[in-house]
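In: A predicted structure for the sequence below; I have some questions about it.
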Amino acid sequence: MSITAKESAATEPGSDGPRGDGPKSGRRTLRPGDRATEGITLNVFSHGFLALWAVLIVLPLLWLVLSSFKTDAQIGGSALSWPTNWTFDVFVRAWDKGIGDYFTNTVIVLAFSVPLTMLFGSMAAYVLARYEFPGNRFLYFFFVGGAMFPVFLALVPLYFMVERFGMLNTYQGLILVYIAYSMPFTVFFMHAFFRTLPTAVHEAAVIDGASHTRAFFQVMLPMAKPGLLSVGIFNALGQWNQYILPVVLMQPRDNSDPERYLLTQGLVQLQQQQGYASDLPVLFAGVTIAMIPMLVVYLSFQRQVQSGLTAGTLK
Amino acid sequence: MRKGQYQFVTGFLLAPMALYLIFVIWPYLQTIGYSFTDWKGQSQTFGFVGLDNYAALLEDNVFLQAIWHNILFLVFIPVITILLALFFAFMLNAGGRGGAGGVTGIQGSGFYKIVYFFPQVLSLAILAVLFGAVYRSDQGGLLNGLLVKAGLVDAGRPVEWLNEPSLVLWCLLAVVVWHGVGFYLVLFSAAMQSIPKEIYEASLLDGAGRAQTFFRVTLPLLWESVQTSWVYLGITAMDLFVLVSTMTSGQFGGGPDHHSEVMATVLMRNFLYFGKSGYACAMGVVMLLLTLILSVVTLRATRRERIEF
């Protein structure tokens, strides 16, 4: 025990030193050499594997984007043909063929659902994190527990509930449902965040005569900005990508009811229509259009996206 | 002061609570209630039938097959995804051995992380279209095109990936893994970075190779993250509605001939297509019970002593 401790204590400075660790002792000269060969083969292997997976990710995506510049005959012919139709007509056509409407519908819904989710979620989380009252713990678990259950469990009654409010195939109906289903994660994350904020600032505001409401909106909420950003991005991505809820809730009731499909739903719809009217470049262009906002958000908020999404699982 | 505080608390909780109760909690409870009725959905009249729906489920071969497929996914999705993600995360965080005794990530690890994670931000609908095109059953599909080019597949008889009963589940599995690895890689990376460097350095000085470092040091310290991932991937495996319903043939997917059926697709077909709402609710309850059992069993079975560091 004492020997290993001594040895590591003796070697520690050596390994930090500039290239002085080689020929100091007979036993240690062998080791770096061994490890070097092991390292080289492993490096080739692991770099190769890492690069392969990167190719597997990028290749299909790139291929799809390139395919929107092909003609229909080319797409049906061979997957490896090089695109020749280098115009943006196909994107205009895709936009006109419904993608534009689906895109607008999605933006309208998210413009309300994401800010409202953040507002309601932080209000509930703040009260639960900062105020003592009977039933506090119960309410917290009540909110957070909802994340445990699959959305399928609620689907059938949810449909009839929204119908009873007369809000099937309406923006407001879907917005309210989105807010409700984003509650568990938002409350969970913001609750943890409000707990970490210092109490002193809040106390100072209250002593200066701010009401509880004012202290929340003017002091606590601005302090919670980093948390709000992470959770906001998480919710925006989640709601943008939501599929089952719009499929169930946003079907036209009859012929006079306008179609208000969201982007995800619309893309699948376009794909399933392919059997009748084959215009695959339009479908691929539609997917490309749908990917662009995701790519932009992801690349510009890369760190927050990753921490926001993974924070959801670190319960 | 005291009274004002209660008013404030009530005021702030009112709207979130109301929404949550109306659209989440109440439907959950209703599902359980409706699962004991023969409700058809159109009218508000229905009769109490006790456990008949559940008894019928036990004889519904399509549903039983769907459960079996979910179980297959439940085994393979977590195992493959976690193994790949762990391997990549270890390579990216501790794989490099360039510096003098330093433990660093491999070169370009930042780039890899960005690329690997990207599928996670794409919606499943996009994945469905993308892989629908990749798995196309003629040379226009990326996979068939490449295989024909490589001479592995006869150009006259390309593989019908999604219409081949023995292949369709594996094709879907590949999509889920493709989608998920980057996410769990980032999750494991975050956990690995919180492991103090001294521990790695100590194992290095004691002569541990890369494999030993991984199995004796990294894995035990990551156990909690692996456990959480297992539960989350398990929940993913219980769902899979979007991919199956959009990529495979049939009303709400499940084809060919129910070979890719999962519980969620059977449920949706019974609800939206056959109009058997009560029966669909019973399926929802079964899904809930299986998910709960899964979470509890996973957390119990993989429980280990927590290592503080």
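Out: Nice, thanks for sending it over. What you see is a predicted model; the values in this text were computed from it and never measured.

In: which helix or strand contains the residue of chain A found nearest chain B?
Out: Closest residue of chain A to chain B, Cβ to the nearest Cβ: A:Ala79 (2.7 Å). Every residue, glycine included, has its C-beta placed from N, CA and C. If you go by DSSP states H and E, A:Ala79 is not part of any helix or strand.

In: next, count neighbours for it.
Out: For A:Ala79, the tally of surrounding residues (other Cβ atoms under 10 Å in any protein chain shown) stands at 25.

In: tell me the contacts of it?
Out: If you count contacts by Cβ atoms under 8 Å, 6 or more residues apart in numbering or on different chains, A:Ala79 has them with A:Trp63, B:Arg136, B:Gln139, B:Gly140, B:Gly141, B:Leu142, B:Asn144, B:Gly145, B:Leu146.

In: after the helix or strand harbouring the last one, which helix or strand is next?
Out: Using DSSP H and E, the secondary-structure element containing B:Leu146 is helix B:142-149. Tracing the chain C-terminally past helix B:142-149 and defining elements by DSSP H and E, one meets helix B:168-193 next.

In: so which elements touch the following helix or strand past that next one?
Out: Toward the C-terminal end, the helix or strand that comes next after helix B:168-193 (DSSP H and E) is helix B:197-205. Helices and strands touching helix B:197-205, by 3 or more Cβ pairs under 8 Å, 6 or more residues apart in numbering or on different chains; DSSP states H and E, are helix A:2-16.

In: rewinding a little: apart from its chain neighbours, what residue comes closest to the residue of chain A closest to chain B?
Out: B:Gly145 (2.7 Å; Cβ to Cβ, 6 or more residues apart in numbering or on different chains).

In: does that neighbour really touch B:Gln139, like I thought?
Out: Yes - checked against Cβ atoms under 8 Å, the pair B:Gly145 and B:Gln139 is within contact range at 5.3 Å.

In: between these two, which contacts overlap?
Out: A:Ser78, A:Ala79.

In: for the record, mean pLDDT for stretch B:279-298?
Out: On average, the pLDDT along stretch B:279-298 is 88.

In: now do the buried residues in it.
Out: Buried residues in stretch B:279-298, counting neighbours by 16 or more other Cβ atoms under 10 Å in any protein chain shown, are found at B:279-288, B:290-291, B:294-295, B:298.

In: would you check which of these are in contact with chain A?
Out: Among these, the ones lying near chain A by Cβ under 8 Å from any Cβ of the partner chain are B:Ala280, B:Cys281, B:Gly284, B:Val285, B:Met287, B:Leu288, B:Thr291, B:Ser295.

In: tabulate the residues you listed (a markdown table), appending secondary structure.
Out: Conversion of those to a markdown table gives the following (DSSP: H, G, I helix; E, B strand; the rest coil):
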| residue | secondary structure |
| --- | --- |
| B:Ala280 | helix |
| B:Cys281 | helix |
| B:Gly284 | helix |
| B:Val285 | helix |
| B:Met287 | helix |
| B:Leu288 | helix |
| B:Thr291 | helix |
| B:Ser295 | helix |
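
In: format those residues as CSV; extra columns: distance to B:Leu187.
Out: Output for those, formatted as CSV (distance: Cβ to Cβ, whole Å):
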residue, distance to B:Leu187
B:Ala280, 34
B:Cys281, 34
B:Gly284, 29
B:Val285, 31
B:Met287, 25
B:Leu288, 25
B:Thr291, 20
B:Ser295, 17
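
In: looking at the residues you listed, which one is closest to B:Leu204?
Out: Top of the list for closeness to B:Leu204, among those and by Cβ to Cβ, is B:Ser295 at 37.4 Å.

In: that closest one against B:Leu233, yeah?
Out: No - at 11.6 Å, B:Ser295 does not count as touching B:Leu233 under the criterion of Cβ under 8 Å.

In: excluding chain neighbours, what is closest to residue 290?
Out: Since no chain was named, I'll use chain A. Nearest-residue entry for A:Ala290: A:Leu263, 5.4 Å, with adjacent residues in sequence omitted and distances by Cβ to Cβ, 6+ apart.

In: not what I meant, chain B
Out: Take B:Leu290 and drop its neighbours on the chain: the residue closest to it by Cβ to Cβ, 6+ apart is B:Met238, 6.5 Å away.

In: ok, now how distant is that neighbour from A:Ile179?
Out: 25 Å (Cβ to Cβ, to the nearest Å).

In: now do A:Phe216
Out: 19 Å.

In: who has more neighbours out of these two?
Out: Set A:Phe216 next to A:Ile179 and count neighbours by other Cβ under 10 Å: A:Ile179 wins out with 27 against 22.

In: mind listing what that one touches?
Out: Residues in contact with A:Ile179, defined by Cβ under 8 Å, 6+ apart, are A:Ser113, A:Leu116, A:Thr117, A:Phe120, B:Leu19.

In: can you tell me the helix or strand for it?
Out: Applying DSSP H and E, one finds A:Ile179 within helix A:171-196.

In: buried set for the helix holding B:Leu146?
Out: Going by 16+ other Cβ under 10 Å, helix B:142-149 has these buried residues: B:Leu142, B:Leu143, B:Asn144, B:Gly145, B:Leu146, B:Leu147, B:Val148.

In: so it versus helix B:168-193, what angle?
Out: 110 degrees (axes from the mean of the first three to the mean of the last three Cα atoms, to 10 degrees).

In: identify the residues contacting helix B:142-149?
Out: Residues contacting helix B:142-149 (Cβ under 8 Å, 6+ apart): A:59-60, A:63, A:78-80, B:133-139, B:153-155, B:158-159, B:161.

In: turn the buried ones among these into a named PyMOL selection, would you?
Out: In PyMOL syntax, the buried subset of these is picked out as below (16+ other Cβ under 10 Å):
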select buried, (chain A and resi 60+63+78+79) or (chain B and resi 133+134+135+136+138+139+153+158+159+161)
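
In: are stretch B:250-266 and chain A in contact anywhere?
Out: Yes - applying Cβ under 8 Å from any Cβ, one finds stretch B:250-266 touching chain A at B:Ala264.

In: which parts of that stretch count as buried, going by neighbours?
Out: B:250, B:252-255, B:258-266.

In: closest to chain A out of these?
Out: Among the buried residues of stretch B:250-266, and counting by Cβ to the nearest Cβ, the member closest to chain A is B:Ala264, at 5.6 Å.
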